[in-house]
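S.K.: sequence plus predicted model, see below.
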Amino acid sequence: MIDKKLFKHIDIILIIIVLLLFVISLIMISSATHITQKGLTRQVKVQAIAFLLGIFAIIFILFIDYNTFARFQKGIYIGSIILLLSVYLPGIGKVQFGARSWINLGPIDVQPSEIVKIAFILSFAKFLEDKQNKLDTIKDLIPVGIYVAVPILLVLKEPDLGNALVFVVIVLGMTFVSGLNYKIIGKGVLAGIISLPIVYKFLAPHQRIRIDAFLHPSDVSLPGNYHVMQSKIAIGSGQLLGKGLYQGTQNNYNFLPVQESDFIFAVLGEEFGFVGGLIILILYFIFLYRMIKISQKAKDVYGSLVVVGITSMFAFQIFENIGMTMGVMPVTGVTLPFLSYGGSSLVTNMIAIGIALNVGMRRQKINF
């Protein structure tokens, strides 16, 4: 049985933030799917069901000491690779939005890479635990590189550049906290910048279109600029207070692409204006701050690294998604945590929160 005293340390503010984001998500998805014209839509129902499943997942996770995951590190890692390969199984694997990154489970489609992000964090944290402050040379990083290369390359092959970048940011965040040498970071950044033209040549055609559009935002002849331009028009037309709920013309006349998912922030900006967008940013700021505090107060290195990985994942997704809707980041298909429509994404995010709460409720102060 779990010690009931542990629940005294659970982060209530973090839970409240997630609840608020979910309520806002349901309202905005109902607008993006035109609930006033079509009635209660499938997307709203799926999002609500996914949230309930996520609550059950959180409750279940809280009863398991997070160090249990560390004991199954190898199994979790191997299972993650198998799950990523499942998209190639005939009859199950499914191509959607130009990427083979889905599996069809009958009534629902599941994106394995969403689940693997959390599994990878749990296994990679254990892998890094013994390498704390021992990442001083390129030789030290070779095993780390091999460990992370397999899942990242599999996600890139789908091709899902957005989630591959999420994996890269998770790795950077966790290795940085593990004491990665600053000189290596500098060399890595330099090598990354130099290799960008080579990386560009290996991108899928639809990914090159997005990059071209990002580099030439005023060129209306580029097909990749249409989505971002419509998004910027939506956000800008919202002005200070917005046009009002269900009153967004860019949204109602379907000028916005995938407005219930990738561009949900543009819907919110059009209907609730600068004030609505600012409230969302404040909620996300408090959310990330609470996550960082949990990481700092974790009782051991493993727990701290796990929360750092989860925080890195959320931080990048928030920055990238909101940035692409405003044209300051390239479009990658990364969704906005807890706001964008997506059952597997929401359940995965809830599981991540459950793990972070788990680390927080079992906290004790340690020094690195």
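M.R.: Now that the structure is in, tell me what you want to look at.
S.K.: and residue 135, how close does it get to residue 39?
M.R.: Distance, residue 135 to residue 39, by Cβ to Cβ, to the nearest Å: 55 Å. No exception for glycine: its C-beta is placed from N, CA and C like everyone else's.
S.K.: show me where the stretch 51-200 of the chain dips below the pLDDT cut-off.
M.R.: Scanning the stretch 51-200 of the chain for pLDDT under 70 picks out nothing.
S.K.: which parts of the stretch 251-368 of the chain are helices?
M.R.: Applying DSSP state H, counting those that start in this stretch to the stretch 251-368 of the chain gives helices spanning 264-297, 301-325, 343-361.
S.K.: those helices: which one's closest to residue 107?
M.R.: Comparing the helices of the stretch 251-368 of the chain against residue 107 with Cβ to Cβ, the closest turns out to be helix 343-361 (10.4 Å).
S.K.: what packs against that closest one?
M.R.: If you count contacts as 3 or more Cβ pairs under 8 Å, 6 or more residues apart in numbering; DSSP states H and E, helix 343-361 packs onto helix 12-32, helix 42-62, helix 112-129, helix 264-297, helix 301-325.
S.K.: looking at residue 135 and residue 39, which is more packed in?
M.R.: Counted by other Cβ atoms under 10 Å, residue 135 and residue 39 do not tie: residue 135 has more neighbours, with 18 against 9.
S.K.: how about the secondary structure of the nearest residue to that one once chain neighbours are set aside?
M.R.: The shortest distance from residue 135 to any non-neighbouring residue, by Cβ to Cβ, 6 or more residues apart in numbering, is to residue 180 (4.7 Å). Look at residue 180: counting by DSSP: H, G, I helix; E, B strand; the rest coil, its state is coil.
S.K.: backbone phi and psi for residue 180, please?
M.R.: When read as degrees, to the nearest 10, the backbone of residue 180 gives phi -60, psi 130.
S.K.: report the separation between it and residue 137.
M.R.: Per Cβ to Cβ, residue 180 is found 11 Å from residue 137.
S.K.: higher neighbour count, the two?
M.R.: Each of residue 180 and residue 137 has its neighbours counted (other Cβ under 10 Å); residue 180 has more, 21 against 11.
S.K.: correct me if wrong: the more buried one contacts residue 133.
M.R.: No: Residue 180 is beyond contact range of residue 133, at 9.4 Å (criterion: Cβ atoms under 8 Å).
S.K.: of all the helices of the stretch 251-368 of the chain, which one comes closest to residue 335?
M.R.: Checking these against residue 335 by Cβ to Cβ gives helix 343-361 as the closest, at 5.4 Å.
S.K.: helix, strand or coil for residue 247?
M.R.: Secondary structure for residue 247, judged by three-state DSSP, is coil.
S.K.: where does residue 168 sit: helix, strand or coil?
M.R.: Using three-state DSSP, the structure places residue 168 in helix.
S.K.: list the contacts for residue 233?
M.R.: Residue 233 makes contact with 250, 255 under the criterion Cβ atoms under 8 Å, 6 or more residues apart in numbering.
S.K.: that one and residue 255: what is the separation?
M.R.: Using Cβ to Cβ, we find residue 233 at a distance of 7 Å from residue 255.
S.K.: pretty sure residue 284 is touching residue 318, no?
M.R.: Yes: taking contacts as Cβ under 8 Å, residue 284 lies within contact range of residue 318: 5.1 Å.
S.K.: thanks a lot, catch you later.
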